[in-house]
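Enquirer: pasting a predicted model and its sequence here:
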Amino acid sequence: MTGQYKQSPWKYHGTIPNFEDIETNRYHCVGRVIDNIEPHIKALDWENDSYIARSILERHKDENYANYNEENSNFSSIEPTPGDYFSKMGAMTRMKNCEVFIHKMDPARFTILHQDFYKGFRERHGYGHIGDDEVHNIVRRYWVTLQDWKSGHYYETNGNPIVGWKAGDVHTGPGYHPHLAANAGLVPRYFCVITGLMTDDMFGDKGYEEIKLEV
């Protein structure tokens, strides 16, 4: 891989977040993209177009994370070309200023337990004035699974495991939910992350939606 780490000037030290016994403090499946996504994944150039996403480990300094390092907690990422299939996936959320990334988590990789405060998104789009205490009322994130679930692929939201997903399942919820992910399987795990400014008509907010993006 020719990509490099994308560094951010945002610096803060996180600690392991506490789980909350609140049903609403986790991600839920709010809809599904019903296209055949596999050809679009195969068309991505992971050798030349991807970079190594900034490890969450960089902003969490806790002795309980001693067994994690930059190698086992990173993953590859591609930002789609405007107008391509995955940029349409961003537009489907009906958020403003959408930012879309396709991620590839290789086997034996882990995303440590953390919360999202969208600091990179704020930095890149000029929203540095939005504070951590208010960002979750302004910014939303969607997580889209790009392939059917494979053995060893795992996601956890506020202590609730998510497995057995289908390609195109769309999840969203509060960014402050403690969450983690892992690939303890034998093949890469592909997923899409979409971040943007909240609107009054976002995907799935008024009920489960199914959408076809291919013409």
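Expert: Structure received.
Enquirer: from here on, just use CA atoms for contacts and neighbour counts.
Expert: Fine.
Enquirer: how many residues are close by V139?
Expert: Look at V139: counted by other Cα atoms under 10 Å, it has 22 neighbours.
Enquirer: in the chain, which spans are strands?
Expert: Taking DSSP state E, the strands of the chain run over residues 28-33, 51-52, 76-78, 96-105, 109-114, 139-145, 153-157, 160-162, 169-172, 179-183, 189-197, 209-211.
Enquirer: can you lay out those as CSV showing distance to M89 and mean pLDDT?
Expert: Converted to CSV, those look like this (distance: least, Cα to Cα, whole Å; pLDDT from 0 to 100):
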stretch, distance to M89, mean pLDDT
strand 28-33, 8, 97
strand 51-52, 20, 90
strand 76-78, 14, 96
strand 96-105, 8, 96
strand 109-114, 23, 90
strand 139-145, 9, 97
strand 153-157, 21, 96
strand 160-162, 21, 94
strand 169-172, 10, 98
strand 179-183, 22, 95
strand 189-197, 8, 97
strand 209-211, 10, 98
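Enquirer: let's have these in CSV, adding distance to Y85.
Expert: Converted to CSV, these look like this (distance: least, Cα to Cα, whole Å):
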stretch, distance to Y85
strand 28-33, 12
strand 51-52, 19
strand 76-78, 13
strand 96-105, 11
strand 109-114, 26
strand 139-145, 13
strand 153-157, 24
strand 160-162, 25
strand 169-172, 15
strand 179-183, 25
strand 189-197, 12
strand 209-211, 13
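Enquirer: relative to K88, which of those strands is closest?
Expert: Closest approach to K88 among the strands of the chain (Cα to Cα): strand 96-105, 9.5 Å.
Enquirer: out of the strands of the chain, nearest to K42?
Expert: Across the strands of the chain, K42 has its closest neighbour in strand 189-197 (10.8 Å, Cα to Cα).
Enquirer: so which elements touch that closest one?
Expert: strand 96-105, strand 139-145 (3 or more Cα pairs under 8 Å, 6 or more residues apart in numbering; DSSP states H and E).
Enquirer: highest mean neighbour count out of these?
Expert: For these, average neighbour numbers computed from mean count of other Cα atoms under 10 Å are highest in strand 139-145, which has a mean of 22.
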